[in-house]
Each structure stands twice: as structure tokens, then as C-alpha cells.
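**Student:** return a 3D structure for these sequence lines:
(one chain, ligands or ions: 2)
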Amino acid sequence: MIIVMQRHAPKEDIERVINEIEKNEGLKPMPLYGTERTVIAVIGDERKLDEHHVRSLPSVANVMAVLQPYKLASRETKHESTVIKVKNATIGGKEIALMIGPCAVETEEQTRLCAQAAKKVGAKILRGGAFKPRTNPYAFEGLKEDGLKILRAIGDEFDMAVVTEVMDLRTIDMVHKYTDIFQIGTRNMQNFDLLKEIGKSNKPVLLKRGMSSTIKEFLLAAEYILANGNHEVILCERGIRTFEPDTRNTLALDTVPLIKELSHLPIIVDPSHATGKKRLVAPMSKAAIAAGADGLMIDIHPNPKEALCDGDQALLPEELFVMMEEVKKIAEAVGRSI
Ligand code: PEP
Ligand code: MN
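**Tutor:** Ligands and ions are numbered 1, 2, ... in the order given. Now for the predicted structure:
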């Protein structure tokens, strides 16, 4: 159930409704503050709440049932699209958010060359993994805290925000120290304990779609983060497993307009991990923006042949420059800017 407050309802009236919900054991109020309107979602067994009494409270405009199981992530609950600001970047607004960098932080020099190229095309967020989830246990697993230090230092050098993956409950505090955005990877999309703990943190979260997850499961994973109090969730479509062996994953681009219908959360696309092939990154980036994506996550590397992780999908800086000229045209055509 959601309680929709009147436009510009005074704080006291919002608090009165919150108190009314809290009087019922097992019910939790979750206020979502919009620019004009506040909506209070009621989490728990809502039958406990005296709906008629709530309707009679000052500044209550409406009390509505939310049909979707992802109550807080649903657009039924919050009509207005969520816009997230991180340093100089905006995710979910008119501007296309670009998160560009190496798959894995390898050296300071490699990360600096990536940041330089990313910055040149207008990226305000530098990506780079320090904890790498690898299929093969003998593969490079990232530089861990040393990698986080490099990413932070280079991010600061170029005045960019940084995003990096957190894989484990035990390293949340460490990653929190260095990053601006927590990334939860495809393999951890349903690591519910991790989602709950990240939900208690105060930094935005980039949640990647599980490679075998449905859209409903994806939004329910986001719901875990929202329900724990962190409302800054950015969704990322990164391809799903299908029977097709010629691409690493299958990029499900219809997810973008569908998520836009179902949820107020911003959604970006990662064509690098979706396709696994660098020549497919430019066309799929353009398609993602045309489909309404709020941003792109792109792997680059100054020397992809020597990359310690995912070299086949990494663009060279020069290739990124060419691609972004084209992406910019598509963005302009659909009323977005870079
Ligand atoms: C990544 O972005 O580095 C990554 C490992 O992505 P995914 O979780 O989508 O495979
Ligand atoms: Mn990768």
C-alpha cells in the first residue's frame, strides 16, 4: 500500500502519517521524497492499517494498493523518475551517464590512460574492478585494496567519480572507503545478505542484472536495497545467458523500455560484458541509447591484448573516440545530451 501525500504537504503532516504507520507492530513506513510530492510506502502486513483513518489524516491525497511485489522500485509508487547525483555526474536525467574504464585496475599507468580517454569523451565516472569475480579460480582476481587506492587516486586526479565492484560482506567497509558508487555484479545479484547490507550504506549502488534472472527478479533485487533504506539504485542490463554461443551473453535491450515502464529507477547498459566482442560494442551502445538507456558502462584498455581480464571486449582509446562521436548523434536524436 502507498499513501500519496498532497503536493507540498507540510513536514508535520508527513510525520503524522509515518507515526500512524509505526503504531502498528510489523509495519514499516518508507517515505519517498519527490521534488513536489511525498509518497509513503507501507511495508509489511498492510491489513493491520486502518485505511479509512489514514485517508482522513491531513494532507493525505490518496491511499492506493501497489500491485507489483517490488513496492519501492515500482513506478506505481513513485511516478517521477529517480535522478541520482554523484560528484559531477547525473544518472537518470537528460544527460547520458558514462561509466568508462578498464575491466580491472592493473597498474596506475593503465588506469590513468583509461581515465584520460574516458574524460576526453565526457565520462564523469571511472569504472575499474579491484575485486574481480572470475569463473576460473586461477585467473587474475584483482589488486584488491591496492587497486582501490589506484582507482581513487586516478579518479581524484581527473576529478571523476569512481565505481567498483563489491563482492563480499567482509569488504564492504573497505570498498566504501574508496568508492563513490558500489557495483554489485551479475553473479551477486541475488546475494541477499550483500544486498541488505549495501542497502544500509549511504552510497549509490549500480546493480547489474543477474545473467539468468528475470526482470521481476532484477527489480526484486533492487527492492532489497531500497527496503533497507538506500534509495539510490542504478540498474544495469549486461546481457543474459541464452543458447547463443557467438556472443558472450545476449543483450536484452527490451529490458530498457520495459524497466522504464515498471520502475522509476535509472537503467544503464553494459554492451562490453553483454557482447564480449569489441566490434559489437559501438552498435549496441547506439542501440541502447536509442532504446532509452540512461547511460553506458564501457570497458577500455590501452593495450587490450595484454589485459589481465576481458581483453576481447575492451576498446582502445582511439576506438572509444570514434564510437562516442556516433553515440553522441544518437543521444541528440532522442533528446539526450552527453
Ligand atoms: C564488471 O563490470 O567488471 C563485471 C564483472 O560485470 P558483470 O558482473 O556484469 O559480469
Ligand atoms: Mn569484465
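
**Student:** residues near the closest residue to residue 144 other than its chain neighbours, how many?
**Tutor:** Excluding the flanking residues, the one nearest residue 144 by Cβ to Cβ, 6 or more residues apart in numbering is residue 130, at 5.8 Å. Where you see a C-beta, it was placed from the backbone N, CA and C, and this is true even at glycine. By other Cβ atoms under 10 Å, 27 other residues sit near residue 130.

**Student:** one more: residue 11?
**Tutor:** Under the neighbour criterion other Cβ under 10 Å, residue 11 is assigned a count of 8.

**Student:** show me what the lengthiest helix in the chain is packed against.
**Tutor:** The longest helix of the chain (DSSP state H) is helix 317-333. Judged by 3 or more Cβ pairs under 8 Å, 6 or more residues apart in numbering; DSSP states H and E, helix 317-333 is in contact with helix 108-120, helix 278-290.

**Student:** ok so, going back, check contacts around the residue nearest to residue 144.
**Tutor:** Residue 130 makes contacts with 104-105, 142-148, 151, 164-165, 175, as judged by Cβ atoms under 8 Å, 6 or more residues apart in numbering.

**Student:** closest one of those to ligand 1?
**Tutor:** Using Cβ to the nearest ligand atom, residue 165 comes nearest to ligand 1 of the contacts of residue 130, at 6.0 Å.

**Student:** can you give me phi and psi for the closest residue to that closest one other than its chain neighbours?
**Tutor:** If the residues on either side of it in the chain are set aside, residue 165 comes closest to residue 183, at 4.2 Å by Cβ to Cβ, 6+ apart. Main-chain dihedrals, residue 183, degrees, to the nearest 10: phi -100, psi 130.

**Student:** test my guess that residue 183 contacts residue 198.
**Tutor:** No. Using Cβ atoms under 8 Å, residue 183 is not in contact with residue 198; the gap is 10.0 Å.

**Student:** where do the contact lists of these two overlap?
**Tutor:** Overlap between the contact sets of residue 183 and residue 198, as judged by Cβ under 8 Å, 6+ apart, is given by 166, 205.

**Student:** now the spatially most central residue of the chain, which residues is it bridged with?
**Tutor:** For the chain, the residue lying nearest the average C-alpha position, counting by Cα atoms, centre = their mean, turns out to be residue 234 (2.1 Å). When bridges are called by DSSP bridges, residue 234 pairs up with residue 206.

**Student:** may I ask which of the contacts of residue 130 has the most neighbours?
**Tutor:** residue 105 (30 neighbours).

**Student:** OK, contacts around that one?
**Tutor:** Neighbour list for residue 105: 111, 128, 129, 130, 142, 143, 147, 148, 150, 151, 164 [criterion: Cβ under 8 Å, 6+ apart].

**Student:** what's the farthest-apart pair in those residues?
**Tutor:** When these are compared pair by pair using Cβ to Cβ, the two farthest from each other are 111 and 142, 12.4 Å apart.

**Student:** reformat the contacts of residue 105 as a markdown table; add pLDDT.
**Tutor:** A markdown table is the format used below for the contacts of residue 105 (pLDDT from 0 to 100):
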| residue | pLDDT |
| --- | --- |
| 111 | 98 |
| 128 | 98 |
| 129 | 98 |
| 130 | 98 |
| 142 | 97 |
| 143 | 98 |
| 147 | 98 |
| 148 | 98 |
| 150 | 98 |
| 151 | 98 |
| 164 | 98 |
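
**Student:** show me those that map onto strands.
**Tutor:** Assignment to strands by DSSP state E places the following of those there: residue 164.

**Student:** and which of the contacts of residue 105 is nearest ligand 2?
**Tutor:** The shortest separation between ligand 2 and any of those is 6.6 Å, and it belongs to residue 129 (by Cβ to the ion).

**Student:** for the residue in the chain positioned nearest to ligand 1, give its distance to ligand 2.
**Tutor:** With Cβ to the nearest ligand atom as the measure, residue 185 is the residue of the chain nearest to ligand 1, at 2.9 Å. Plainly put, residue 185 is 9 Å away from ligand 2 if you go by Cβ to the ion, to the nearest Å.
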